[in-house]
Each structure stands twice: as C-alpha cells, then as structure tokens.
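S.K.: The following comprises the amino acid sequence and a computationally predicted model.
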Amino acid sequence: MQQVIASPAVQGELFDSTSHLSSPEQLRDDLEKRGYVFIRGLFPLEELLNVRRDIAGVLQRNGWLDPAVDPMLALSGDGVGPYAESVHPEYAPVYDQIQHLESFHTLPHDPRLVQLFRDLFNGEPLVHPRHITRVVFPNAVEETTPPHQDYIYILGTKIH
C-alpha cells in the first residue's frame, strides 16, 4: 500500500466553500484563510466523466489499460509502464493523442470555471494555453509530480 502525504492545509475534512459561490468576497476570504477553496458540483458529473472517458479511451486504444476492467477505472494492464517521456518512445505519441482531445482543452475554458477564478482573484483570468495531464503508472512512483507551484515557470498574477 502506498502512503499518501497530504499538505497540512488539507489534512482532515475540507472546508466546503460551495455556499459562497454567489459571494466573491467570501470566496476570497476562504482562500485567504485556508489557502484553498473546495467547491462541490461546479460541473455536472457527466461533463467531467466525459473528459475522463475520452482520456481513458486513448489509453485503452493504446493497450495501456487492463482490458478485463472498465476503462473508466484507468487501471494499467499487466506489463505496462513505467513510462516516462524522456525514457520510452511509446509515451510521447500516446500523450500527443490526449493533447488532441477537444474535451481536454475545452474544460478549462468553461464559463463556470472562468467565473470562479474571476471571482477568486477579482480580475480577468488567463486560461493558460499549455494544458498538461499526468499519466503515471502505479509502479512508477518516482515519476509522480510532487506538490508544486508553477508561477515561476509561467508567471501570471500574484495573489499578494
């Protein structure tokens, strides 16, 4: 069993800010106090599952998922992985197929999400054009991305 290490800010039950969606000031206050906002139901579940289904479909068509299991579980097949773009030539073409999914690139532009960020940061958000997904296999823990902040790489608006 893999140990999960959580940030001290999110250990235990998350504070639910969903009721504050109609109050940008309260959302900003939640973010300031806790370092995060947790919103339930911003998207209908089926919309999120459609993106997952599209990505799982790419992985399934390329033999990266266990064929005996529902692809939506995204369980890797026997002998698959670890793959790292810099190590295995098979990784980049599959990742490229994910990058060609319209649903993967449409979701960040959804007006509900854009409005949430507009309210949180009291300004117009930039939907960054370089969308990234992480495809990591269970036996490749060393290839997972640890918690980090991308501001230094992409810049943008500082909160403080």
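M.R.: In hand now; what should we look at?

S.K.: which residues sit in contact with the residue nearest to L49 when sequence neighbours are not counted?
M.R.: Spatial nearest neighbour of L49, excluding adjacent residues (Cβ to Cβ, 6 or more residues apart in numbering): M72 at 7.3 Å. Every C-beta, even on glycine, is put in place using the N, C-alpha and C of the backbone. Applying Cβ atoms under 8 Å, 6 or more residues apart in numbering to M72 gives the contacts 49, 52-53, 56.

S.K.: Show me which of those is closest to G35.
M.R.: Nearest to G35 among the contacts of M72: R52, at 26.8 Å, using Cβ to Cβ.

S.K.: give me the number of residues near that closest one?
M.R.: If you count neighbours by other Cβ atoms under 10 Å, R52 ends up with 13.

S.K.: What of G63?
M.R.: G63 has 14 neighbouring residues, counting by other Cβ under 10 Å.

S.K.: count of neighbours near the nearest residue to it once chain neighbours are set aside?
M.R.: Among residues not flanking G63 along the chain, G77 sits closest, at 6.5 Å (Cβ to Cβ, 6+ apart). By the criterion of other Cβ under 10 Å, G77 has 16 neighbours.

S.K.: Contacts only, for G77.
M.R.: Applying Cβ under 8 Å, 6+ apart, we find G77 in contact with 63-67.

S.K.: In TSV, list those along with pLDDT and distance to G41.
M.R.: Formatted as TSV, the contacts of G77 follow (pLDDT from 0 to 100; distance: Cβ to Cβ, whole Å):
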residue	pLDDT	distance to G41
G63	88	35
W64	88	31
L65	90	28
D66	90	31
P67	90	33
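
S.K.: how near is the nearest residue to F38 once chain neighbours are set aside to H100?
M.R.: Closest residue in space to F38, ignoring its immediate chain neighbours: L14 at 4.3 Å, by Cβ to Cβ, 6+ apart. From L14 across to H100, the span is 34 Å (Cβ to Cβ, to the nearest Å).

S.K.: who has more neighbours, those two?
M.R.: Shown here are L14 and H100; by other Cβ under 10 Å, L14 has more neighbours (13 against 10).

S.K.: Would you double-check that the more buried one falls in a strand?
M.R.: No. Applying DSSP: H, G, I helix; E, B strand; the rest coil, one finds L14 to be coil, outside a strand.

S.K.: Which pLDDT does the model give it?
M.R.: According to the prediction, L14 has pLDDT 92.

S.K.: for P147, same thing?
M.R.: For P147, the model assigns a pLDDT of 78.
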